[in-house]
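K.L.:
Any chance you can model this:
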Amino acid sequence: MQLIHHTLSANFIGQEATIGNGDVFYAHAPAHNETLPNEFANVTTEQASLAVARATAAFGPYSSVTPQQRADFLEAIAQEIENLGDALIERAVLESGLPTGRITGERGRTTGQLRLFARLLREGSWVDARINPAPAGVPGPDRQPLPRPDLRRMLVPLGPVVVFGASNFPLAFSVAGGDTASALAAGCPVVCKAHPAHPGTSSLVGSAIIKAAQKTGIPDGVFSLLHADNDVAQGLVADPAIKAVGFTGSRRGGLALLRVAQQRTEPIPVFAEMSAVNPVVILPGAIAGDATTVAAGLAASVTLGVGQFCTNPGLIFLMQSPQTDVFLDTLAEKIRISAPATMLSTGIKRAYQDGIQHIQVMPGIHILAEADADAADNRTEGRPTILTTTAPQFLSNSELSHEIFGPSSLVVICRTEAELADCINSLEGQLTATLYATTHELAQSETNWIALLQEKAGRLLFGGLPTGVEVSEAMMHGGPFPATTDSRSTSVGTGAILRWVRPVSYQSFPDSLLPPALQDANPLGIWRNIDGEMTR
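P.N.:
Prediction:
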């Protein structure tokens, strides 16, 4: 099948580059506040259904290829993304307003996580093979009422899945991002819905995935890329052949997809990362010696990427101490000298501006500092802002704990440990929670701050800044609702593969009919749990 390579505007229904039959739209350059000339067209419901049908037909063949073949595919995707060269970087910068250095680093993160999953597949033990062989001389000892059977269990892929590209990471959380990489690694075909904020970038990356599939002999239909409106996107989730959904975006969008998934005849899991304010808790001992360093670091974290990280520290709980004024003065100074910068879209900038204006007129809210430079009226620039309030005011107004997506944070001054604990207890689920404290004051405190924060977040930091999310085996990027719809899963790191699988037990099967991971000879050479002992 002929591939239209380096295309900016194609949908891919399986390996076929296709022009959508739906509404036409255009990409936008937020840094210049102008419409780009390339024309895009959404797919229709019929075209989307064809993509799902091809994914369904490809599931059996793809789930049966060897782990090594899937690893080759993922590595080929990484290489083809790199082969796109400057064209990809330039388009992503144009469509997102993000600087070249950020996009270049994000490309490295994207290809790095693809190669990380390839290594996971080559090692192979992620399938969690567990074997309880029947006792020698079946039917075995006289166990009543029945002898013990031969039981073997492993993880298998769910089936075709839908992945939604994110607005704030045009590469690392989009077409070939973590959800797609982990689903393909698990053996699940992916139908990816491109984000309309960066359609050209999405089409370029989609072309790289298709080219990698063709080079490595991966079945047609294992990957599709669709530009689609909300109705068609929700129709994808409702399609009976789809078995799971991955989403990164707003709470409203994630919950809309969750409702569709739950109303199906066969409900399916939706792994949605949605909303977080990522509280930072600062106890007096942590700033007794150097309040300026902590404040400067947090100012940098709040403004990093114009505050458009899902781990942006949007709430800072500060215990009153002799260093409170030093901390606040430093934080204010760093925010004032920070520069407004281009946000991802006019809609995101407008929502940020409206959020700040809404909260700053509430009782007990004070503006500590804003960037001295005004955001340009004719551009999508966000102005860094820090606000303050007291614990009683915070506890009396639940809106103060809601996310404002952008370069801002609310500092809540707490007079006592009891006030601080009440504030933490009032929070919804979060992606991260950061604790600045000394080990001595934690040992002396009547409150178990670590246990308290653990109830609220998927990742705890002892000092440091939450905006760095390492792609690794031990990373947890998820958390209690509404940070995500399923607090048991991560969207970053190799643990993300567990989203797309389910366990199956095989009882009393002939060895030749078992999957290789469960056969007596262990042809894959993986670690397995045999009667409670790990061996290979």
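K.L.:
Next up, the contacts around residue 362.
P.N.:
Residues near residue 362 by C-beta atoms under 8 Å, 6 or more residues apart in numbering: 397, 399, 400. For glycine as for every other residue, the C-beta is placed from the backbone atoms N, C-alpha and C.
K.L.:
Now neighbour count too, for these, in JSON lines please.
P.N.:
Putting the contacts of residue 362 into JSON lines (neighbours: other C-beta atoms under 10 Å) gives the following:
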{"residue": "397", "neighbour count": "16"}
{"residue": "399", "neighbour count": "9"}
{"residue": "400", "neighbour count": "21"}
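K.L.:
ok, these vs residue 100, which is closest?
P.N.:
Checking those against residue 100 by C-beta to C-beta gives residue 400 as the nearest, at 36.6 Å.
K.L.:
ok, that closest one touching residue 360?
P.N.:
No - contact criterion C-beta atoms under 8 Å: residue 400 and residue 360 do not qualify, at 11.2 Å.
K.L.:
Which stretches in the stretch 301-450 of the chain count as strands?
P.N.:
315-319, 341-342, 366-370, 381-382, 385-390, 408-414, 430-436 (DSSP state E, counting those that start in this stretch).
K.L.:
Mind putting the ones you listed into TSV with distance to residue 300 and mean neighbour count?
P.N.:
TSV is the format used below for the strands of the stretch 301-450 of the chain (distance: least, C-beta to C-beta, whole Å; neighbours: other C-beta atoms under 10 Å):
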stretch	distance to residue 300	mean neighbour count
strand 315-319	13	25
strand 341-342	13	22
strand 366-370	14	17
strand 381-382	15	24
strand 385-390	13	22
strand 408-414	12	23
strand 430-436	14	26
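K.L.:
Which stretch among those strands approaches residue 195 most closely?
P.N.:
Of all the strands of the stretch 301-450 of the chain, strand 341-342 comes closest under C-beta to C-beta, at 17.0 Å.
K.L.:
If you count contacts, what does the helix or strand harbouring residue 505 end up packed against?
P.N.:
Per DSSP states H and E, residue 505 falls inside strand 501-507. Applying 3 or more C-beta pairs under 8 Å, 6 or more residues apart in numbering; DSSP states H and E, we find strand 501-507 packed against strand 151-157.
K.L.:
which neighbours does the strand it packs on have in its sheet, and in what orientation?
P.N.:
strand 130-132 (antiparallel), strand 501-507 (antiparallel) (DSSP bridges).
K.L.:
average pLDDT across stretch 321-330?
P.N.:
Across stretch 321-330, pLDDT averages out at 97.
K.L.:
send the alpha carbons of it over as PDB?
P.N.:
The C-alpha trace of stretch 321-330 is given here as PDB (Å, rounded to 0.1, in the frame of the first residue of the first chain):
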ATOM      1  CA  SER A 321       7.300  30.800  60.600                       C
ATOM      2  CA  PRO A 322      10.000  33.500  61.000                       C
ATOM      3  CA  GLN A 323      11.000  32.800  57.400                       C
ATOM      4  CA  THR A 324       7.500  33.300  55.900                       C
ATOM      5  CA  ASP A 325       8.100  36.800  54.700                       C
ATOM      6  CA  VAL A 326      11.500  35.900  53.200                       C
ATOM      7  CA  PHE A 327       9.900  33.100  51.300                       C
ATOM      8  CA  LEU A 328       7.000  35.200  50.000                       C
ATOM      9  CA  ASP A 329       9.300  38.200  49.100                       C
ATOM     10  CA  THR A 330      11.600  35.900  47.100                       C
END
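K.L.:
Kindly state the pLDDT recorded for residue 144?
P.N.:
pLDDT, residue 144: 65.
K.L.:
typed the wrong thing, it's residue 377
P.N.:
In this model, residue 377 carries a pLDDT of 62.
K.L.:
ok so, going back, between the contacts of residue 362, which is nearest residue 389?
P.N.:
Closest to residue 389, out of all of the contacts of residue 362 and judged by C-beta to C-beta, is residue 400, at 6.6 Å.
K.L.:
show me what contacts the closest one?
P.N.:
359, 362, 365, 389, 393, 394, 410, 412 are the contacts of residue 400 under C-beta under 8 Å, 6+ apart.
K.L.:
Now flag whichever of those is closest to residue 81.
P.N.:
Once C-beta to C-beta is applied, the member of the contacts of residue 400 that ends up nearest residue 81 is residue 410, at 38.3 Å.
K.L.:
That closest one: what's it in contact with?
P.N.:
314, 315, 316, 359, 365, 386, 387, 388, 389, 394, 400.
K.L.:
If we use 7 Å, what do you get?
P.N.:
For residue 410, the contact set (C-beta atoms under 7 Å, 6 or more residues apart in numbering) comprises 314, 315, 387, 389, 400.
K.L.:
circling back: okay if I get the contacts of residue 362 as TSV plus pLDDT?
P.N.:
What follows is these, written out as TSV (pLDDT from 0 to 100):
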residue	pLDDT
397	97
399	96
400	97
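K.L.:
show me where the stretch 201-350 of the chain has helices.
P.N.:
Counting by DSSP state H, counting those that start in this stretch, one finds helices in the stretch 201-350 of the chain at the ranges 230-238, 251-262, 284-287, 291-303, 324-336, 346-360.
K.L.:
Would you mind saying which of those lies nearest residue 511?
P.N.:
Among the helices of the stretch 201-350 of the chain, helix 251-262 sits nearest to residue 511 (C-beta to C-beta), with 38.5 Å.
K.L.:
helices or strands up against the closest one?
P.N.:
For helix 251-262, the packing partners by 3 or more C-beta pairs under 7 Å, 6 or more residues apart in numbering; DSSP states H and E come out as helix 230-238, strand 244-248, strand 270-273.
K.L.:
Turn those into TSV, columns for mean neighbour count and mean pLDDT.
P.N.:
Output for those, formatted as TSV (neighbours: other C-beta atoms under 10 Å; pLDDT from 0 to 100):
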stretch	mean neighbour count	mean pLDDT
helix 230-238	18	98
strand 244-248	27	98
strand 270-273	27	97
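K.L.:
Distance to residue 65 added to those, as JSON lines?
P.N.:
Below are the helices and strands packed on helix 251-262 laid out as JSON lines (distance: least, C-beta to C-beta, whole Å):
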{"stretch": "helix 230-238", "distance to residue 65": "24"}
{"stretch": "strand 244-248", "distance to residue 65": "20"}
{"stretch": "strand 270-273", "distance to residue 65": "24"}
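K.L.:
Looking at the ones you listed, which is nearest to residue 502?
P.N.:
The nearest among those, by C-beta to C-beta, is strand 244-248 at 9.8 Å.
K.L.:
Work out the sheet partners of the closest one and label each with its direction, please.
P.N.:
Here strand 244-248 is paired, per DSSP bridges, with strand 161-164 (parallel), strand 270-273 (parallel).
K.L.:
List the contacts of the next helix or strand after the first one.
P.N.:
To tie it back to what came earlier, the one meant is strand 161-164. Counting by DSSP H and E, the element after strand 161-164 in chain order, helix or strand, is helix 178-186. Contacts to helix 178-186, defined as C-beta under 7 Å, 6+ apart, come from residues 70, 73-74, 113-114, 117, 120-121, 157, 161, 163, 172, 190, 192, 246, 491-492, 496-497, 499-501.
K.L.:
show me where pLDDT drops low in the stretch 51-200 of the chain?
P.N.:
For the stretch 51-200 of the chain, applying pLDDT under 70 flags the ranges 136-144.
K.L.:
quick revisit: can you give me how far the strand holding residue 505 is from the chain middle?
P.N.:
27 Å (C-alpha atoms, centre = their mean, to the nearest Å).
K.L.:
what angle separates the longest helix that the chain contains from helix 178-186?
P.N.:
Ranked by residue count and defined by DSSP state H, the top helix of the chain is helix 100-123. Orientation of helix 100-123 against helix 178-186 (axes from the mean of the first three to the mean of the last three C-alpha atoms, to 10 degrees) gives an angle of 20 degrees.
K.L.:
Against which helices or strands is helix 100-123 packed?
P.N.:
By 3+ C-beta pairs under 7 Å, 6+ apart, helix 100-123 packs against helix 67-83, helix 86-96, helix 178-186.
K.L.:
I'd like to know which of those lies nearest to residue 205.
P.N.:
Nearest to residue 205 among the helices and strands packed on helix 100-123 is helix 67-83 (6.3 Å), distances taken as C-beta to C-beta.
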